[in-house]
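>>> Sequence first, then the predicted structure, then my questions.
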Amino acid sequence: MLNRQGRPTAAGEAGINAHPTFTGNKALAQVEPLLFEIGRYDTTGVDIDEPEAFTPRLGGLERKEAIGLPGLSEPETMRHYVRLSQMNYGIDTGLFPLGSCTMKHNARLNERMARLPGFSDVHPLQPVSTVQGALELMNELGRYLVTLTNMTAVALSPKAGAHGELCGMMAIKAAIEARGEGETRKVVLVPDSAHGTNPATAALIGFVVKPVPAREDGWVHVEDVKERLGPDVAAIMLTNPNTCGLFEPQVAEIAKAIHDAGAYFYCDGANFNAIVGKAKPGDLGVDAMHINLHKTFSTPHGGGGPGSGPVVLSERLAPYAPVPFVHMGKNGFELVEQASDATEKPFGRMTAFHGQMGMYVRALSYMLSHGSDGMKQASEDAVLNANYIRAGLSDLLSLPFGNKPCMHEVLFDDAWLKDTGVTTLDVAKAMIDEGYHPMTMYFPLVVHGAMLIEPTESESKSSLDLFIATLRDLAMAAKNGDKERFTGAPYHAPRRRLDETRAARNPILKWTPPSPVAEAAE
Ligand SMILES: *Cc1c(COP(=O)(O)O)cnc(C)c1O
């Protein structure tokens with residue numbers, strides 16, 4: 001069955017719909033071709049008068065041919081994007097159990113605050129005297145972050161978690177070079193369970209990555225770290241709580257061993273949302289840690305990049321914090337923009353300007369509306385919700401490290417799928433049919449067929465109950481031999497299962513008009 005664009009209809013693709021439609025739409029769910037396929041070159045959404053004759057001054061660089069952009073009316077354009085948005089799944093449509101990514105509710109209050117013109121309309125090149133309120137807000141956010149983590153300094157400018165890692169590791173590198181050990185301390189220890197960005201960050205700035213192997217209990221052991229320590233080690237990059245959803249019980253001993261060996265402790269703080277108000281990384285011996293505002297402090301993911309991954313630094317690393325930073329001067333708040341204006345030794349700068357103002361406003365709005373007791377309770381509820389899911393599924397799904405309490409996320413492996421012919425990927429696809437975004441799959445790598453589930457504190461008990469019931473139904477179906485429900489899934493999504501390997505290896509990133517020959521052949 002072909003739709004009006006001559007492409008197979010969603011119903012035809014599915015092969016399970018006995019009533020394929022002419023349009024390809026299914027009831028009120030619309031299929032949507034590319035803009036290029038629905039637009040026409042001879043149409044525009046606005047009427048513009050032909051320009052008067054003029055002589056171009058582009059020195060021969062002016063365009064000689066038609067621009068080739070599709071023209072659509074305003075309603076057609078509007079519908080195109082609204083229809084695409086309706087195919088999207090987000091935290092505003094349902095539970096988003098992506099472990100490690102922490103998809104929590106983005107409070108509407110934060111959005112209102114960020115849209116206040118005094119915040120949304122500031123320009124990074126405005127005179128400092130005209131943006132005192134914005135600087136005060138940045139200063140206040142920094143103060144909260146430093147207090148919640150018990151650290152000394154904060155760099156607000158990094159634009160994401162991975163960018164924050166780079167910032168923290170550059171501060172460590174600067175500190176090591178200042179000690180005259182830049183040539184000898186080249187090794188960074190990274191546990192096998194780490195997020196891929198950790199080894200990538202270390203390697204990017206010239207460190208040699210040495211893995212710390214995973215143990216059967218999911219924890220990093222101080223003996224394993226000690227064994228690898230020496231005068232060549234610059235730092236360890238450790239995530240706590242780790243990516244198996246477990247708090248590292250030996251973290252303080254690991255920190256001590258690292259410091260005794262003259263190295264630094266970088267903590268990947270992506271999972272800070274599990275311990276805000278309960279434990280302070282500074283108390284655990286951390287020297288640098290990034291904070292993903294989009295994971296811990298409810299700023300939105302995506303939509304132009306997460307936007308902000310501030311880094312907190314210990315006393316030992318604080319002098320190397322990058323510019324710019326805000327400080328209180330004689331005439332109000334000032335921005336230290338140049339390394340030469342700083343009293344310390346900043347390693348440089350991470351971004352052109354000061355960072356993502358909109359995210360600062362949202363994060364501080366979250367902090368102020370929750371208060372210290374509210375932030376602590378959010379951590380507790382996030383952990384409670386993850387454990388509720390663990391308890392609700394532990395008789396059917398398998399837990400790689402035994403049925404012990406987890407932190408904010410619960411990690412299952414695929415041992416429970418043995419002999420069913422169903423894989424972790426199949427379960428994820430079947431979840432799409434049930435209206436859920438899949439959990440994080442195949443990460444962390446230390447567990448076979450990993451399924452990492454993080455409900456966050458946003459979910460109500462009834463929402464969790466439905467999610468658990470759905471997964472129980474799927475688990476039962478897999479165990480009872482209903483393989484088809486999985487291997488053919490998703491049946492109901494706008495697109496069926498994609499060839500992800502081919503898409504990654506041979507991406508088609510450019511639309512080319514269908515050639516007349518191909519059209520005739522169809
Ligand atoms: C999300 C995450 C990162 C990277 O953060 P981004 O903001 O996506 O760059 C690093 N480590 C861990 C453990 C994470 O979950």
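The structure has been received and is ready for your questions. Numbers count the residues shown, from 1 in each chain.

>>> only C-alpha atoms for contact and neighbour calcs from this point on.
Noted.

>>> Determine the three-state secondary structure at Val190.
strand (DSSP: H, G, I helix; E, B strand; the rest coil).

>>> nope, Gly435 is what I meant
Classified using three-state DSSP, Gly435 is coil.

>>> Next one: it relative to Lys159, how far apart?
31 Å (CA to CA, to the nearest Å).

>>> One more: Thr184?
Distance, Thr184 to Lys159, by CA to CA: 30 Å.

>>> more neighbours, these two?
Lys159 (22 against 13; other CA atoms under 10 Å).

>>> got the contact list for the residue nearest to the more buried one when sequence neighbours are not counted?
Distances taken as CA to CA, 6 or more residues apart in numbering put Ser308 closest to Lys159, at 4.1 Å, once the chain neighbours are dropped. Listed by CA atoms under 8 Å, 6 or more residues apart in numbering, the contact partners of Ser308 are 156-161, 292-294, 355-356, 359-360.

>>> Switch those residues over to JSON lines; also include distance to the ligand.
Output for the contacts of Ser308, formatted as JSON lines (distance: CA to the nearest ligand atom, whole Å):
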{"residue": "Leu156", "distance to the ligand": "13"}
{"residue": "Ser157", "distance to the ligand": "13"}
{"residue": "Pro158", "distance to the ligand": "10"}
{"residue": "Lys159", "distance to the ligand": "8"}
{"residue": "Ala160", "distance to the ligand": "4"}
{"residue": "Gly161", "distance to the ligand": "3"}
{"residue": "Asn292", "distance to the ligand": "6"}
{"residue": "Leu293", "distance to the ligand": "8"}
{"residue": "His294", "distance to the ligand": "7"}
{"residue": "Gly355", "distance to the ligand": "14"}
{"residue": "Gln356", "distance to the ligand": "13"}
{"residue": "Met359", "distance to the ligand": "13"}
{"residue": "Tyr360", "distance to the ligand": "15"}
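
>>> Show me those that map onto helices.
Among these, the residues falling in helices (DSSP state H) are Gly161, Leu293, His294, Met359, Tyr360.

>>> residue boundaries of the strands in the stretch 151-300 of the chain?
Remark: strands assigned in the stretch 151-300 of the chain by DSSP state E, counting those that start in this stretch are 153-155, 187-191, 208-212, 233-239, 264-268, 288-290.

>>> For the last one, what does the pLDDT average out to?
To tie it back to what came earlier, the one meant is strand 288-290. Across strand 288-290, pLDDT averages out at 98.

>>> before we move on, what about the longest one?
Confidence for strand 233-239, expressed as mean pLDDT, is 98.

>>> Which elements pack onto it?
helix 161-178, strand 187-191, strand 264-268 (3 or more CA pairs under 8 Å, 6 or more residues apart in numbering; DSSP states H and E).

>>> Could you point out which of these sits nearest Ala339?
Nearest of the helices and strands packed on strand 233-239 to Ala339, taken as CA to CA: helix 161-178 at 13.3 Å.

>>> If you count neighbours, what's buried in the closest one?
For helix 161-178, the neighbour count (16 or more other CA atoms under 10 Å) marks 161-176 as buried.

>>> Also stretch 404-413?
Pro405, Cys406, Met407, His408, Glu409, Val410, Leu411, Phe412, Asp413.

>>> would you turn those residues into JSON lines with distance to Arg79?
JSON lines is the format used below for those (distance: CA to CA, whole Å):
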{"residue": "Pro405", "distance to Arg79": "47"}
{"residue": "Cys406", "distance to Arg79": "44"}
{"residue": "Met407", "distance to Arg79": "42"}
{"residue": "His408", "distance to Arg79": "39"}
{"residue": "Glu409", "distance to Arg79": "38"}
{"residue": "Val410", "distance to Arg79": "39"}
{"residue": "Leu411", "distance to Arg79": "40"}
{"residue": "Phe412", "distance to Arg79": "41"}
{"residue": "Asp413", "distance to Arg79": "42"}
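
>>> and which of the residues you listed is nearest to Gly285?
Proximity of the buried residues of stretch 404-413 to Gly285 (CA to CA) peaks at Met407, which lies at 20.2 Å.

>>> that's a helix at that closest one, yeah?
No. Counting by three-state DSSP, Met407 is not part of a helix but coil.

>>> ok, it touching Phe272?
No. Between Met407 and Phe272 there is no contact under CA atoms under 8 Å: 10.6 Å.

>>> and for the two, which residues touch both?
Counting by CA under 8 Å, 6+ apart, the residues touching both Met407 and Phe272 are Pro241.

>>> rewinding a little: would you mind giving the contacts of Ser308 as a markdown table with distance to Ala391 added?
Output for those, formatted as a markdown table (distance: CA to CA, whole Å):
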| residue | distance to Ala391 |
| --- | --- |
| Leu156 | 39 |
| Ser157 | 40 |
| Pro158 | 38 |
| Lys159 | 37 |
| Ala160 | 33 |
| Gly161 | 31 |
| Asn292 | 28 |
| Leu293 | 29 |
| His294 | 27 |
| Gly355 | 41 |
| Gln356 | 39 |
| Met359 | 35 |
| Tyr360 | 36 |
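
>>> tell me the contacts of Ser398?
Per CA under 8 Å, 6+ apart, neighbours of Ser398: Phe412, Asp413, Asp414, Ala415, Trp416.

>>> Could you do Cys244 as well?
Counting by CA under 8 Å, 6+ apart, Cys244 has contacts Ser193, Gly218, Glu409, Val410, Leu411, Pro444, Leu452.

>>> what does Gly285 give?
By CA under 8 Å, 6+ apart, the contact set of Gly285 is Ala252, Ala255, Lys256, Phe265.

>>> How about Ala162?
Thr197, Asn198, Thr201, Gly309.

>>> how far out from the middle of the chain is stretch 175-189?
Here the centre of stretch 175-189 is set off from its chain's centre by 30 Å, with CA atoms, centre = their mean, to the nearest Å.

>>> try stretch 433-444
15 Å.

>>> quick one: is that stretch near the ligand?
No. Using CA under 6 Å from any ligand atom, stretch 433-444 stays clear of the ligand, coming no nearer than 9.5 Å.

>>> List of residues touching that stretch?
89, 94-100, 193-195, 243-244, 424-425, 428-429, 431-432, 448-454, 470, 489-493.

>>> which among these end up buried?
95-100, 193-195, 243-244, 424-425, 428-429, 431-432, 448-454, 470, 489-493.

>>> domains for this protein, by residue range?
1-31, 33-48+67-86, 110-366, 373-505 (automatic domain parsing).

>>> Quick one: closest of these to Phe54.
Using CA to CA, those put domain 33-48+67-86 closest to Phe54, at 16.2 Å.

>>> Between the two ends of the closest one, how far is it?
Criterion CA to CA; first-to-last residue distance in domain 33-48+67-86 is 14 Å.

>>> dump the residue contacts of Val215.
Actually, residue 215 is Arg. It isn't Val. Shown in contact with Arg215 (CA under 8 Å, 6+ apart): His221.

>>> And the pLDDT for it?
pLDDT, Arg215: 90.

>>> of all the domains of the chain, which lies closest to Leu61?
Among these, the nearest to Leu61 by CA to CA is domain 33-48+67-86 (13.9 Å).

>>> Deepest in the core, which of the strands of the stretch 151-300 of the chain is it.
strand 288-290 (a mean of 32; mean count of other CA atoms under 10 Å).

>>> Contacts for that strand, please.
Under CA under 8 Å, 6+ apart, the answer for strand 288-290 is 161, 164-165, 168-169, 265-270, 309-314, 317.

>>> hang on, the earlier thing: so which of the helices and strands packed on strand 233-239 comes closest to Pro400?
Among these, strand 187-191 comes nearest to Pro400, with 17.4 Å by CA to CA.

>>> what about the residue of the stretch 351-500 of the chain found nearest the ligand, how many residues close to it?
Closest approach between the stretch 351-500 of the chain and the ligand, counting by CA to the nearest ligand atom: Pro444, at 9.5 Å. For Pro444, the neighbour count with other CA under 10 Å is 24.

>>> which of the residues in stretch 378-392 are buried?
Buried, per 16+ other CA under 10 Å, within stretch 378-392: 378-390, 392.
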